[in-house]
Structures are given as C-alpha cells and as structure tokens.
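In: The following block contains a protein sequence and its predicted model.
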Amino acid sequence: MIRTSDLRVDFGSVKALAGVDLTVTAGEVRALLGPNGAGKTTLVRVISTLLAPSGGTAAVNGVDVVDDPMSVRRAIGLTGQHAAVDDLLTGRENLEIVGRLYQLPKAEAKRRAAEALERLSLNDAADRLVRTYSGGMRRRLDLGASLVGRPRVLILDEPTTGLDPRGRIELWDFLRELVDSGTTVLLTTQYLDEADELADRITVLDHGHVIAEGTSTELKERVGGDVLVATASTAEHLAALAEVMADLGESEVHVDERQRTASIPVSNRVRALIEAASRFEAAGVSPADVAVHRPSLDDVFLALTGSAAEDDPATERQRP
C-alpha cells in the first residue's frame with residue numbers, strides 16, 4: 001500500500017531524507033521511530049502529497065504521489081501532530097464539513113459523520129462546540145475527520161501526543177478496530193510502548209536514513225542479553241554510578257539525568273547484578289535501586305541511535 005524508493009528531501013544543506021526505502025503491505029500497522037529531526041514527519045508529508053521529494057519515488061496504493069496526487073489523497077486519511085478542528089463549530093458540524101470537502105452528497109456526509117462520532121464515542125458531545133472539548137476528545141474528533149473519507153491508508157503523525165493514559169489506551173483500541181476492518185496504518189511516534197503495542201513492523205529512522213527495520217521482537221534481539229539499570233538516590237550520585245558500571249557490559253553506559261538512571265547491556269544477568277552490587281559497595285556508592293530487565297524498545301532505540309526518542313535536535317526546528 002505504501003512504497004518508497006531512494007526517497008530524498010533536502011532543505012538547503014539539511015538532508016531530511018537521504019535515500020529512504022520503505023514498503024508497507026495492506027492491512028499492516030507500520031511504526032516509524034526516531035528522535036526529532038530523524039525525518040519521520042518529512043516522510044509523512046511526502047507520502048501524503050504535502051511535500052514534493054527532491055529525488056526518488058513514493059507511491060500509495062500503486063499511485064505515484066507526484067504524478068497523481070489527487071488519487072493518492074482519495075486513498076488516504078491524515079491526522080497530524082495537532083488537532084485540526086474548528087473550535088467555533090460543533091463536533092458534528094466539523095465532520096460534516098469534511099464530508100462535503102470530499103464532495104460527498106449532503107445526506108452521505110451526515111451519515112458518515114454520525115458513523116464516525118459513534119465509533120469514537122463522541123455521540124454525547126456531538127452537538128457541543130468543540131471549544132468545550134477536552135484534549136482527548138479533540139484528538140478523537142480529529143481522527144474522525146480522517147475517517148469520513150473511508151481511507152484505505154490512515155497516516156498518523158504522533159496521534160497520542162498530549163493525551164492522558166486513558167485517552168491513549170482508548171485511541172489504541174480504536175486503531176485496532178480499524179486495522180481489523182482492513183485499514184493500513186502508518187504511525188509515527190516517540191512513545192516506544194505505543195510502537196510495541198500496535199505495530200506489526202517498526203522502521204527506525206535517524207538523520208534521514210533507515211537504520212533498522214523489523215518486528216518488535218526482532219529489534220529487541222539486536223540488543224541481546226539483558227540490561228542492568230541503577231537508579232541514583234540524588235542527581236549528584238548519578239555520575240558515580242555510571243563510572244562504577246563503565247566496563248560491566250560490552251557497550252557504553254547510558255545516563256538518563258531526568259530519570260536519574262544509568263544503564264548498560266550485559267550478557268549474564270546474575271553475574272552482572274552481583275558484580276555491580278560488589279562494586280557499588282567497594283566504591284561507597286549507594287544506589288536507590290539496581291535491577292536487570294529484558295531489553296525493551298527503549299534499549300533498542302538507545303543502542304541504534306545513541307539518543308533517547310524525545311531528543312530534540314536543532315535540525316528539526318530549522319525545517320519548514
């Protein structure tokens with residue numbers, strides 16, 4: 001349903017996409033992971049015909065996005081990072097207007113709007129002004145606008161940003177229903193648990209390149225072994241923890257100052273835990289907690305990119 005080949009986008013000297021090859025099959029949920037500036041949103045904008053590529057090709061449902069953008073737009077629904085709804089209209093009016101923009105007959109636009117409101121559990125608020133909606137309700141309404149045209153491909157650019165945990169779970173459940181009905185979903189996210197929960201396959205982007213691709217399990221296997229994590233009791237103790245752990249594994253220690261943790265992949269969980277405890281005691285360092293866990297997508301992301309998913313390089317802010 002989605003295919004790109006050697007896709008390139010340049011913003012002056014910044015190569016937002018540097019030869020991306022991507023294939024998404026029908027009925028699949030594909031997650032795009034990467035720190036801000038990796039090229040995720042740029043890729044979404046090209047696929048949804050909002051940005052012309054500098055080179056290479058991109059196609060949706062077999063139609064080239066440059067040669068026939070209108071046909072591509074008929075096949076897709078797009079939900080961006082920010083809810084694009086009108087506060088001065090009701091939820092129902094927002095969706096009906098979208099239907100009319102799709103050139104649906106008035107009666108059909110009303111019917112599809114009502115259907116979307118039902119599926120998104122917004123019936124009780126359908127005739128309220130959107131300015132009275134909560135953030136989660138606005139996000140669901142924005143998704144409903146993408147569904148009025150009954151897209152074969154739904155493109156979601158960080159759809160759960162700003163939602164509370166309950167809102168995220170509700171949206172996840174709804175996306176599963178869409179996929180069960182045959183919709184193909186391309187999802188960009190910085191929430192690694194979201195990709196773990198929803199995606200059939202995951203593509204990791206960094207600096208405009210695809211650096212890894214596979215199922216969640218396949219990517220986790222690339223890290224191998226287990227991960228030793230020590231939590232500092234105070235921010236001042238964090239550097240000492242990292243120094244003690246420096247050669248306990250086969251790669252560098254990752255320090256998360258916000259979580260006050262130091263982590264490193266290890267090959268033998270029991271031996272590493274015992275050795276770490278012994279070293280902490282000898283060095284006079286007392287961590288608040290020490291644990292060993294199986295690799296997560298967070299660990300995969302750090303191993304592949306050397307940065308956390310929420311990092312915000314200046315290159316992203318420089319792009320149009």
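Out: Happy to help now that I have it. In this text, all values refer to a predicted model and were calculated from it rather than measured experimentally. Numbering: from 1, shown residues only.
In: In whatever helix or strand A31 lives in, which of the residues would be classed as buried?
Out: Here A31 sits within strand 29-33, counting by DSSP states H and E. Buried residues in strand 29-33, counted by 16 or more other Cβ atoms under 10 Å: 29-33. Heads up, the C-betas are built off the backbone N, CA and C, glycines and all.
In: so T41 makes contact with Q81?
Out: Yes: with contact defined as Cβ atoms under 8 Å, T41 counts as touching Q81 (7.3 Å).
In: wait, which of the buried residues of strand 29-33 is closest to A75?
Out: Among the buried residues of strand 29-33, R30 lies closest to A75 (Cβ to Cβ), at 15.8 Å.
In: what about the stretch 51-200 of the chain, any weak spots by pLDDT?
Out: 162 (pLDDT under 70).
In: Strands of that one, start to end?
Out: Taking DSSP state E, counting those that start in this stretch as the criterion, the stretch 51-200 of the chain carries its strands at 55-60, 63-64, 76-79, 153-157, 184-188.
In: tell me which strands and helices the fourth one is in contact with?
Out: Spelled out, that is strand 153-157. If you count contacts as 3 or more Cβ pairs under 8 Å, 6 or more residues apart in numbering; DSSP states H and E, strand 153-157 packs onto helix 40-47, strand 76-79, helix 135-147, strand 184-188.
In: coming back round to it: please enumerate residues in contact with the strand holding A31?
Out: For strand 29-33, the external contacting residues (Cβ atoms under 8 Å, 6 or more residues apart in numbering) are 2, 22, 24, 40, 43-44, 175, 179, 184-190, 192, 194-195, 198-205, 297, 301, 309.
In: List buried residues within those.
Out: Of the contacts of strand 29-33, these count as buried by 16+ other Cβ under 10 Å: 2, 22, 24, 40, 43-44, 175, 179, 184-190, 192, 194-195, 198-199, 201-205, 297, 301, 309.
In: and the strand holding A31 with strand 153-157, angle?
Out: Between the axes of strand 29-33 and strand 153-157, defined by axes from the mean of the first three to the mean of the last three Cα atoms, to 10 degrees, the angle is 30 degrees.
In: List the neighbouring strands of strand 29-33 plus their orientation.
Out: strand 184-188 (parallel), strand 201-206 (parallel) (DSSP bridges).
In: Would you reformat these as CSV and include distance to D67?
Out: As requested, these are exported to CSV (distance: least, Cβ to Cβ, whole Å):
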stretch, distance to D67
strand 184-188, 20
strand 201-206, 24
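In: Contacts only, for the spatially most central residue of the chain.
Out: Nearest to the mean C-alpha position of the chain, by Cα atoms, centre = their mean, lies T189 at 1.1 Å. By Cβ under 8 Å, 6+ apart, the residues touching T189 are 31-33, 158-160, 195.
In: Okay, it and L163: tell me how far apart.
Out: 12 Å (Cβ to Cβ, to the nearest Å).
In: Repeat that for A126.
Out: On the measure of Cβ to Cβ, A126 and L163 end up 20 Å apart.
In: right, so of the strands paired with strand 29-33, which gets closest to V223?
Out: strand 201-206 (12.5 Å).
In: Please find the angle between the direction vectors of the next helix-or-strand element following the closest one and strand 29-33.
Out: Per DSSP H and E, the first helix or strand lying C-terminal to strand 201-206 is strand 209-214. For strand 209-214 against strand 29-33, the angle by the same axes, to 10 degrees is 140 degrees.
In: What strands line up against strand 209-214, and which way round?
Out: When pairing is defined by DSSP bridges, strand 209-214 lines up against strand 201-206 (antiparallel).
In: just to revisit the earlier point, so for the strand holding A31, mean pLDDT?
Out: Strand 29-33 shows a mean pLDDT of 93.
In: ok now that strand, how far from the chain's centre?
Out: Strand 29-33 sits 6 Å away from the centroid of its parent chain (Cα atoms, centre = their mean, to the nearest Å).
In: if we can go back for a sec, okay, and the common contacts of T41 and Q81?
Out: In contact with both T41 and Q81: D157, using Cβ under 8 Å, 6+ apart.
In: Those two: who's more crowded?
Out: T41 (22 against 14; other Cβ atoms under 10 Å).
In: Pairing partners for the nearest residue to that one once chain neighbours are set aside in the sheet, please.
Out: Once flanking residues are discounted, T41 sits nearest to D157: 5.8 Å by Cβ to Cβ, 6 or more residues apart in numbering. Beta-bridge partners recorded for D157 (DSSP bridges): T188.
In: Isn't D157 up against G77?
Out: No: contact criterion Cβ under 8 Å: D157 and G77 do not qualify, at 11.8 Å.
In: Tell me which of those two has more neighbours.
Out: Neighbours per residue (other Cβ under 10 Å) separate D157 from G77, with G77 holding more: 24 against 21.
In: so which strand or helix has the residue of the chain most remote from its centre?
Out: In the chain, counting by Cα atoms, centre = their mean, A282 sits farthest out from the average C-alpha position, at 42.3 Å. If you go by DSSP H and E, A282 is part of helix 269-283.
In: in that helix, what counts as buried?
Out: In helix 269-283, counting by 16+ other Cβ under 10 Å, buried: 269, 272-273, 275-276, 279-280.
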